[in-house]
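>>> attaching a predicted model along with its sequence, questions to come.
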Amino acid sequence: MSIISQNLKEIKKTIQLHSPNPQGVKILGVSKFQPVESIREAVELGVTLLGVNYVQEGQKLREVMTHSDIEWHFIGHIQSRKAKHLLDYHCVESLDRTDIAEDLNRRAEILNKPLQVLIEVNIGREPQKSGVLLEDLEGFLKKIEALTFISVKGLMSMPPPLPLEKRRPFFKELKRAYDRLSQRYSFDTLSMGTSEDYQIALEEGASLIRLGTCLLGARPPKSH
């Protein structure tokens, strides 16, 4: 059994043990700086959701990863001048600005191709991070509600890099906001939890976990 196969087996076991709804949890493989061979092996093992942090990386990866069943997610910071490249993604998980939303909506309408998005929430109010502040979330959603080619499917966030158990309150807070807003919007995805803290995120209700090193292995040391 390969390392990636073993990793995936452990991840699935953790999902079964720690998620209140294990059948509803999806694994997203994070491709950032990972060798194509590792990503390809994960896809062959059934990880068909792939997350891309950079537009250029995504373009190169999709040229060589031609499996028809891959669902591509963009999970990095959205640069205005590169937003036009995001229309080919199944889901953009990092929407946090109305001007970007309006631009994506306009481009999606021209293509007659609705785009699914998650709203990135700056759950820890970190000044260096992107994301909508929790208290601004409802107002932000109301602003983009009129954009008919943007379909908001849920929320995404990453807590501050604190000791693991101190991240739990941030996951709890995001889940409360998700549950509250789900009563009005047709949410189906709560994207939270990465290689370090996905067990806690699962316990707090994550339905999508974004996994890089714990799935695909350590990134090559010269990848900066």
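Nice, I can see it.
>>> use CA for all of it now, contacts and neighbours both
Noted.
>>> look at residue 83 and say how many residues are nearby.
A count of nearby residues for residue 83, using other C-alpha atoms under 10 Å, gives 15.
>>> ok, it touching residue 104?
Yes. At 6.8 Å, residue 83 and residue 104 qualify as touching, with contact defined as C-alpha atoms under 8 Å.
>>> where does residue 184 land in three-state SS?
coil (DSSP: H, G, I helix; E, B strand; the rest coil).
>>> residue contacts, it?
Neighbour list for residue 184: empty [criterion: C-alpha atoms under 8 Å, 6 or more residues apart in numbering].
>>> retrieve the pLDDT associated with it.
Residue-level confidence at residue 184 comes out at 92, pLDDT.
>>> list phi and psi for residue 50.
phi -120, psi 130 (degrees, to the nearest 10).
>>> ok, how many other residues are close to it?
For residue 50, using other C-alpha under 10 Å, the count is 24.
>>> make sure residue 154 is indeed in a helix.
No. In this structure, residue 154 is strand, not part of a helix, as judged by three-state DSSP.
>>> that one contacts residue 177, correct?
No. Proximity of residue 154 to residue 177 does not meet the contact threshold set by C-alpha under 8 Å, at 10.3 Å.
>>> more crowded one of the two?
For residue 154 and residue 177, the more surrounded residue by other C-alpha under 10 Å is residue 154, and the numbers stand at 22 against 16.
>>> what sits opposite the more buried one in the beta ladder?
Beta bridges link residue 154 to residue 118, residue 189, judged by DSSP bridges.
>>> any weak-confidence spans in this structure?
222-224 (pLDDT under 70).
>>> helices along that one, start to end?
3-18, 36-44, 55-64, 98-111, 137-144, 164-182, 198-203, 213-216 (DSSP state H).
>>> return the distance of the fifth one from the chain's centre.
With C-alpha atoms, centre = their mean, to the nearest Å as the basis, the distance from the averaged C-alpha position of helix 137-144 to the chain average is 19 Å.
>>> buried stuff in that helix?
Buried residues in helix 137-144, counted by 16 or more other C-alpha atoms under 10 Å: 137, 140, 141, 144.
>>> what residues are up against the second one?
Applying C-alpha under 8 Å, 6+ apart to residue 140 gives the contacts 98, 132.
>>> number of nearby residues for the nearest residue to residue 89 once chain neighbours are set aside?
Distances taken as C-alpha to C-alpha, 6 or more residues apart in numbering place residue 72 nearest to residue 89, at 5.3 Å, with adjacent residues excluded. Residues lying near residue 72 (other C-alpha under 10 Å) number 20.
>>> could you do residue 59 as well?
Residue 59 has 12 neighbours, counted by other C-alpha under 10 Å.
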